[in-house]
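[1] below are the sequence and a predicted model; questions follow.
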Amino acid sequence: MNTELTGERLQKVLARAGIGSRRVCDEMIEDGRVTVNGLVARLGQRVDIDHDLVAVDEIPVGVLPGLVYYLVNKPSGVVVTAVDPEGRPTILELVPNEPRVFSVGRLDFATEGLIVLTNDGELAQLLTHPSHGVEKEYLAQVTGEVTPAAIRALREGVEIEPGVVTQPAKVAHPGGDLLKIVIHEGRYRQVRRMCEEVGLTVTRLVRTRIGPVSDTQLAPGSYRDLTHLEVRALAGAAIVKTGRTHDR
Ligand code: URA
């Protein structure tokens, strides 16, 4: 089939994906910032969104209609699972029922803060890539003495279970009983176990950033759509880490 005759106009596809108005999208095409299957796009070009790879500034564009991306501020006391056998509130109760979405990674029952829910399996897979997930920033309230040695150990990596040493982390001590910890792995109860290993007990844990995405205004228990720029930045962060491409 000839896409030039049957496909959708590129500027319409870009506009629908939230890149900008059709005029802005035309300008981007004219400026040579848009590619289709790796080739610089032409004004008026048509594309088949099921098969063609569209990118702006080399970052693939989410062109498939029906994909949703929610940023949720999870409160403590909510489980990140579709169904909880114990009947506790689940993260899915905080977002619309349709379309069905799933969480990108997990947060403990007691952990608060940002988590992404989506029906874009490919982005989810990219973001949870086991060896190179994107950075996740946590604010941890701890009991115990925050010593320079403890901070150094957290930064360098600690053995949280036999044979499992955490990757180097960024750790700051803004003061008092607070620690800011940035990791890019997603091991089970990782931050709590890291702190435990250096003699600190986490009494409150809040995720404050996922890669380039943060939001200090989102109330606990509420959600918002990620902006198109945020989706692209998240995909971009994961691609840089994994070296893979994201063909949305
Ligand atoms: N680390 C933890 O210990 N718990 C979380 O929920 C996330 C990271």
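    Alright, I've got the coordinates.

[2] alpha carbons only for contacts and neighbour counts from here, please
    OK.

[3] check which element follows the helix or strand of the chain with the lowest mean pLDDT along the chain.
    Counting by mean pLDDT, DSSP states H and E, the weakest-scoring helix or strand in the chain turns out to be helix 3-6, with a mean of 66. Downstream of helix 3-6, the first helix or strand assigned by DSSP states H and E is strand 8-9.

[4] give me the contact list for the helix or strand just after that next one.
    Once strand 8-9 ends, the next helix or strand along the chain (criterion: DSSP H and E) is helix 10-16. Here helix 10-16 makes contact (Cα atoms under 8 Å, 6 or more residues apart in numbering) with 20-22, 25-26, 29, 43-47, 49, 61, 63.

[5] what is the neighbour count of the closest residue to residue 143 other than its chain neighbours?
    Leaving aside its sequence neighbours, residue 143 sits nearest to residue 201 (Cα to Cα, 6 or more residues apart in numbering; 5.2 Å). Number of residues near residue 201 (other Cα atoms under 10 Å) recorded here: 18.

[6] residue 201 reaches residue 191, doesn't it?
    No. In this structure, residue 201 is not within contact of residue 191 by Cα atoms under 8 Å, at 10.0 Å.

[7] domains in this structure, by residue range?
    When the chain is parsed with automatic domain parsing, its domains come out as 3-60, 69-131+212-242, 136-210.

[8] among the ones you listed, show the one with the smallest mean pLDDT.
    Mean pLDDT is lowest for domain 3-60 out of the domains of the chain, coming in at a mean of 84.

[9] ok now it, how far from the chain's centre?
    Distance of domain 3-60 from the chain centroid (Cα atoms, centre = their mean, to the nearest Å) equals 24 Å.

[10] rewinding a little: contacting residues around the residue nearest to residue 143?
    Contacts for residue 201 (Cα under 8 Å, 6+ apart) come out as 142-144, 192, 195.

[11] can you rerun that using 10 Å?
    When contacts are counted by Cα atoms under 10 Å, 6 or more residues apart in numbering, residue 201 touches 140-145, 192-195.

[12] for residue 228, state which of those residues is nearest.
    Among the contacts of residue 201, residue 140 lies closest to residue 228 (Cα to Cα), at 29.8 Å.

[13] sec struct for the closest one, please.
    Of the three states, residue 140 takes strand under DSSP: H, G, I helix; E, B strand; the rest coil.

[14] what parts of this structure come near the ligand?
    Listed as neighbours of the ligand in the chain under the rule Cα under 6 Å from any ligand atom: 107-108, 111, 189-192.

[15] remind me, longest helix of this protein?
    For the chain, the longest helix by residue count, based on DSSP state H, is helix 228-242.

[16] can you tell me which helices and strands that one packs against?
    Secondary-structure packing of helix 228-242 (3 or more Cα pairs under 10 Å, 6 or more residues apart in numbering; DSSP states H and E): strand 59-60, strand 69-74, helix 121-127, strand 213-214.

[17] mean neighbour count, these: which tops it?
    Ranked by mean neighbour count, the helices and strands packed on helix 228-242 are led by strand 69-74 with a mean of 25 (mean count of other Cα atoms under 10 Å).

[18] could you check the angle that one makes with helix 228-242?
    90 degrees (axes from the mean of the first three to the mean of the last three Cα atoms, to 10 degrees).

[19] what strand or helix carries residue 67?
    Secondary structure from DSSP H and E places residue 67 outside every helix and strand.

[20] can you get me a residue count around it?
    14.

[21] residues contacting it?
    Contact partners of residue 67, counting by Cα under 10 Å, 6+ apart, are 17, 99, 101, 118-121.

[22] again, 6 Å this time
    Going by Cα atoms under 6 Å, 6 or more residues apart in numbering, residue 67 touches residue 119.

[23] can I get the CA coordinates of the longest strand anywhere in the chain in CSV?
    Using DSSP state E, we find that the single longest strand of the chain is strand 201-210. Extracted in CSV, the C-alpha atoms of strand 201-210 (Å, rounded to 0.1, in the frame of the first residue of the first chain):
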residue,chain,number,x,y,z
THR,A,201,15.5,3.3,60.0
VAL,A,202,13.3,5.0,57.5
THR,A,203,10.2,6.4,59.1
ARG,A,204,8.8,8.1,56.1
LEU,A,205,9.7,7.7,52.4
VAL,A,206,8.6,9.9,49.6
ARG,A,207,9.5,9.6,45.9
THR,A,208,10.0,13.1,44.6
ARG,A,209,11.2,12.6,41.1
ILE,A,210,11.2,10.0,38.3
